[in-house]
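Undergrad: Provided below for reference: sequence and predicted model.
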Amino acid sequence: MKIVFAPDSFKESLTAAEAAAAMQRGFAKVFPQAEYICMPMADGGEGTADALVNALNGEWISAEVHDPLGRPISARYGLLPGGRAVIEMAEAAGLHLVAADERNPLHTSTFGVGQLILDALSRGCRHIILGLGGSATNDAGAGMLQALGFKLLDQNGHTLPVGGAALAGLSAVNDEAVPAALRECHFEVACDVTNPLCGAQGASAIFGPQKGATPQMVAALDTALSHYADIIAAHGFVDSRDQAGSGAAGGMGFTLRSVLNAQLLPGIEMVMAETDLNACLKGADLVVTGEGRMDGQTAFGKVPSGVLKAAQAQGIAVIGIAGSVGGDTAALNALGFKAVFPTIAAPASLTDILASAAHNVERTAEQVAAVWQLGMNRQTR
């Protein structure tokens, strides 16, 4: 019997690799002779680099870069075979790097993301996989461009300060100092957000408040991003402001697409393709997936949904294991999950639940395996 474990991370408690390993330990107690494949997954956000580095035998690289407020930090990214790198923008521009009382998207910058890209280019990478999400920024990736050698100038020819608010003063873009390696680079961007750059559904209005923006800041940022898009288009770059995903990560999607010719893809689809999940699934009798919580939102670009679709295409049964399960389990069954199991055994504090996550997943997986064995035994009678 062949069983594939392909979960996402269980946020704040288990990485995807740790969750898969716990699932395997539980199943192995019931089926010690089975063939097991652990294939940690991610949806383009947190854990994407982990999933690809683990699956593709990559190498971790650390680099000194700027955080969203310009402070020096050490951030990491993955080197992959074939001259590729995988970077999570949150490593350098993440909301978790900025304390609640410091959050101000008028001034936070994606400069550190550009520094990570430069480091990867210096190591010979010409294919960058970039995961968006979790950003503290609303500068449309302008800081990233500045780190990469683009000169963003005001009407007096002076270098523009970093941050989203400064974009209102942009007058010219100069790319003469951009390294040749960047022009040779292909960008694949994991992006599940469908928002445009500007407007009521744009980056500033929808995501700005969670980054510290007041209503007045939202209005100022939206105007600044619109002006930025005007100048970018006037300098011959593609105007993609209205395309789905351009508002991702504070407008980073716009600049990646318009200036760096990036290809924006649904995160789970990218990760499944890079890890060749379809090949791993061939001949499997069962697939077990999961994440911290499964509910009606699981269908919208989440890892379990992507894994389910891939397994269904090969006629393989899928079971979900999650820290908690929403009340709409019927919706999950309607998607095609044979069953979905929560791992929390009894009421406890969140601290205790997170600390015992690995044990809970392993125990639940053992019970799932026992039920699966019961079904197999009934079929052979």
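TA: Now that the structure is in, tell me what you want to look at. Numbering: from 1, shown residues only.

Undergrad: for Gly315, helix, strand, or coil?
TA: Here Gly315 takes the coil state, with states given by DSSP: H, G, I helix; E, B strand; the rest coil.

Undergrad: ok, now Met41?
TA: Under three-state DSSP, Met41 falls in the coil class.

Undergrad: Looks like it contacts Phe5 (just checking).
TA: No. Here Met41 does not reach Phe5: they are 9.6 Å apart, not a contact under Cβ atoms under 8 Å. Placement of C-beta: from N, CA and C, glycine included.

Undergrad: neighbour-wise, which of these two wins?
TA: Met41 (31 against 28; other Cβ atoms under 10 Å).

Undergrad: The closest residue to the more buried one other than its chain neighbours: neighbouring residues, count only.
TA: Nearest residue to Met41, sequence neighbours excluded (Cβ to Cβ, 6 or more residues apart in numbering): Val303, at 4.6 Å. Number of residues near Val303 (other Cβ under 10 Å) recorded here: 29.

Undergrad: quick one, what contacts Val303?
TA: Ala6, Pro7, Asp8, Ala16, Met41, Ala42, Asp43, Ile268, Val271, Thr289, Glu291 (Cβ atoms under 8 Å, 6 or more residues apart in numbering).

Undergrad: Mind listing the shared neighbours of Met41 and Phe5?
TA: Counting by Cβ under 8 Å, 6+ apart, the shared contacts of Met41 and Phe5 are Thr289.

Undergrad: re earlier: just the contacts of Val303: which are in strands?
TA: Residues of the contacts of Val303 located in strands (DSSP state E): Thr289.

Undergrad: got a markdown table for the contacts of Val303, with pLDDT and distance to Leu116 too?
TA: Output for those, formatted as a markdown table (pLDDT from 0 to 100; distance: Cβ to Cβ, whole Å):
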| residue | pLDDT | distance to Leu116 |
| --- | --- | --- |
| Ala6 | 97 | 27 |
| Pro7 | 96 | 27 |
| Asp8 | 93 | 23 |
| Ala16 | 92 | 22 |
| Met41 | 93 | 23 |
| Ala42 | 90 | 18 |
| Asp43 | 86 | 20 |
| Ile268 | 90 | 23 |
| Val271 | 92 | 19 |
| Thr289 | 97 | 30 |
| Glu291 | 93 | 26 |
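
Undergrad: if we can go back for a sec, ok, the residue nearest to Met41 to Phe10 distance?
TA: Counting by Cβ to Cβ, to the nearest Å, the gap from Val303 to Phe10 is 11 Å.

Undergrad: swap in Met144?
TA: 30 Å.

Undergrad: Counting neighbours around each, name which of the two comes out higher.
TA: Between Met144 and Phe10, counted using other Cβ under 10 Å, the more crowded position is Met144 (30 against 26).

Undergrad: and the one helix or strand Arg25 maps to, what other elements does it pack with?
TA: Assigned by DSSP states H and E, Arg25 belongs to helix 16-28. When contacts are defined as 3 or more Cβ pairs under 8 Å, 6 or more residues apart in numbering; DSSP states H and E, helix 16-28 packs onto strand 2-5, strand 35-38, helix 48-55, helix 357-380.

Undergrad: any idea which helix or strand comes after the third one?
TA: I take that to be helix 48-55. Using DSSP H and E, the next helix or strand after helix 48-55 towards the C-terminus is strand 59-66.

Undergrad: Using PDB, write out every CA atom in that next one.
TA: Extracted C-alpha coordinates of strand 59-66, given in PDB (Å, rounded to 0.1, in the frame of the first residue of the first chain):
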ATOM      1  CA  GLU A  59      20.200  24.900   0.000                       C
ATOM      2  CA  TRP A  60      19.400  27.700   2.500                       C
ATOM      3  CA  ILE A  61      21.200  31.000   2.000                       C
ATOM      4  CA  SER A  62      21.300  33.800   4.500                       C
ATOM      5  CA  ALA A  63      21.800  37.500   3.600                       C
ATOM      6  CA  GLU A  64      22.000  40.800   5.400                       C
ATOM      7  CA  VAL A  65      19.200  43.000   4.200                       C
ATOM      8  CA  HIS A  66      16.900  45.900   5.300                       C
END
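
Undergrad: Parallel or antiparallel, which strands does it pair with?
TA: Sheet pairing here is set by DSSP bridges, and for strand 59-66 it gives strand 72-80 (antiparallel).

Undergrad: which parts of the strand it pairs with are buried?
TA: Ala75, Tyr77, Gly78, Leu79, Leu80 (16 or more other Cβ atoms under 10 Å).

Undergrad: Nearest to Val361 among the residues you listed?
TA: Nearest to Val361 among these: Gly78, at 24.8 Å, using Cβ to Cβ.

Undergrad: Ile232 contacts Arg257, doesn't it?
TA: No. Using Cβ under 8 Å as the test, Ile232 is too far from Arg257 to be in contact (10.7 Å).

Undergrad: Just give the closest residue to the residue minimising distance to the centre of the chain, not the sequence neighbours.
TA: The residue lying closest to the centre of the chain (Cα atoms, centre = their mean) is Gly45, at 1.4 Å. Distance criterion Cβ to Cβ, 6+ apart; nearest residue to Gly45, sequence neighbours excluded, is Gly133 at 3.7 Å.

Undergrad: The one you found belongs to a strand?
TA: No. According to three-state DSSP, Gly133 belongs to no strand; its state is coil.

Undergrad: Mutual contacts of Val303 and Phe10, please.
TA: What both Val303 and Phe10 touch, as defined by Cβ under 8 Å, 6+ apart, is the set Glu291.
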